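Asks: For reference, the sequence and a predicted model appear below.
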Amino acid sequence: MTHTSERCTARLAWTRQVLADATLMLTPASTDASFRSYWRTQHDGHSWIVMDSPPALEDPQPWLEIGARLSAAGLHVPAVRAHDLEQGFLLIEDLGSQLYLPALNDDTVDALYGDAMDALLRMQRDVDAAGMQPYDHAFLQRELEIMPEWFLRRHLSYTPECEEWDVLEMAFTTLLRNALAQPRCFVHRDYHSRNLLITADNNPGIIDFQGALHGPIAYDLASLLRDCYIAWDRARVEAWVETYRLRLQAAGLIVADVDRQRFLRWFDLIGLQRHIKVLGIFCRLCYRDGKQGYLDDLPRVYDYVIEVAGRYPELADFVALLRRCVGGRDLRLPMAA
């Protein structure tokens, strides 16, 4: 029996034991960019999700701890019925399968993002962030360094020269200073259309929150409004950003002298930090983890980086470097090993 089949057997046996139903079956619900998998089952008229999080690969404890913080603040996260941390199995509430992403269009986006920004404000205002790991200089720096390794070297087969490393370092320093200048709050770190579910009550349902940290206040807003999987025109995004800035001020989360220009810079540059990281992560998911589908979204993320960085003169050399590296390459196509 293979390790995979042993895992399947153990997962099914645990679920049947927890729900006291020897006849139930599991069907695939979804996967994500990690080693976790999700399985749906029906029992006594209710639908449940089994999260399979192999402890050696994906410790399920952070998911439980962060979920408890979010739930205590009134956010809609899956309720937990049972868990076995030693095996890495959790039986959780089924929030459905209606993700934000396929439902977003010009007619629905204002209402859906309105709910998402309501939830985000509550998250930033009400979630207890005491004792959480800081989203600090070292963590942000490590994320940025994923891009040269996996996007430039592995995906583009481009090794920067010494002076080009200086350009990267200067750009990264600009982004790090911006991030560290912002007020700190609870940060989901992946607050976007594939991790938000449309729910009848307390919309949206929020998932994939286990990587949350205590960090820059504009991060999750940039993750939502400059989504790696769907793009909106600049004027619309900046209008949403300004509306949210005013709400943050009214809630006392940013001081009154944080004007539109300053907050937009926070938003732009923390979003740029995220998208530079994602350029590397999507390539790593392809080449290391065999998830080539992430390359389909790479051009959108690259366009974000070029467009936003291009508005800031201090990042002009960084933009020129990336353009030289990419040239006319179709970023969706993998590089041969």
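Replies: Yep, it's here.
Asks: Identify the residues contacting Arg122.
Replies: The contact partners of Arg122, by Cβ atoms under 8 Å, 6 or more residues apart in numbering, come to 73-75. In short, each C-beta sits where N, CA and C put it, glycine included.
Asks: Can you lay out the residues you listed as CSV showing pLDDT, neighbour count and secondary structure?
Replies: Below are the contacts of Arg122 laid out as CSV (pLDDT from 0 to 100; neighbours: other Cβ atoms under 10 Å; DSSP: H, G, I helix; E, B strand; the rest coil):
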residue, pLDDT, neighbour count, secondary structure
Ala73, 98, 17, coil
Gly74, 98, 12, coil
Leu75, 98, 21, coil
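Asks: Dump those into TSV; add distance to Thr243 as well.
Replies: As requested, the contacts of Arg122 are arranged in TSV below (distance: Cβ to Cβ, whole Å):
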residue	distance to Thr243
Ala73	22
Gly74	22
Leu75	20
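Asks: out of the residues you listed, who's nearest Gln124?
Replies: Ala73 (9.8 Å; Cβ to Cβ).
Asks: if I read this right, that closest one contacts Asp126, doesn't it?
Replies: Yes: using Cβ atoms under 8 Å, Ala73 is in contact with Asp126, at 4.0 Å.
Asks: Please enumerate the helices of the protein.
Replies: 3-19, 61-72, 100-103, 109-126, 137-144, 146, 162-181, 219-225, 234-250, 260-287, 298-309, 316-326 (DSSP state H).
Asks: which residues are in contact with the first one?
Replies: Outside helix 3-19, the residues that touch it by Cβ under 8 Å, 6+ apart are 1, 22-26, 39, 41, 43-44, 48, 50, 52, 54, 81-82, 84, 87, 89, 91.
Asks: Check which residues of that helix are buried.
Replies: 7, 11-12, 14-16, 18-19 (16 or more other Cβ atoms under 10 Å).
Asks: Which member of those residues is positioned nearest Ile146?
Replies: Distances from Ile146 to the buried residues of helix 3-19, taken by Cβ to Cβ, are shortest for Arg7, at 28.5 Å.
Asks: how far away is the closest one from Thr15?
Replies: With distances taken as Cβ to Cβ, to the nearest Å, Arg7 is found 13 Å from Thr15.
Asks: quick revisit: need the buried ones from the contacts of helix 3-19 selected in ChimeraX.
Replies: Listed next is the ChimeraX selection for buried residues among those, using 16+ other Cβ under 10 Å:
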select :26,39,41,43,48,50,52,54,87,89,91
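Asks: will you turn the helices of the chain into TSV that also has distance to Asp190 and mean pLDDT?
Replies: Shown next, in TSV, are these (distance: least, Cβ to Cβ, whole Å; pLDDT from 0 to 100):
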stretch	distance to Asp190	mean pLDDT
helix 3-19	25	91
helix 61-72	12	97
helix 100-103	13	98
helix 109-126	13	98
helix 137-144	12	98
helix 146	15	98
helix 162-181	16	98
helix 219-225	7	98
helix 234-250	18	98
helix 260-287	9	98
helix 298-309	14	98
helix 316-326	24	98
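Asks: tell me the most buried of those helices?
Replies: Of all the helices of the chain, helix 219-225 has the most neighbours on average by mean count of other Cβ atoms under 10 Å, namely a mean of 25.
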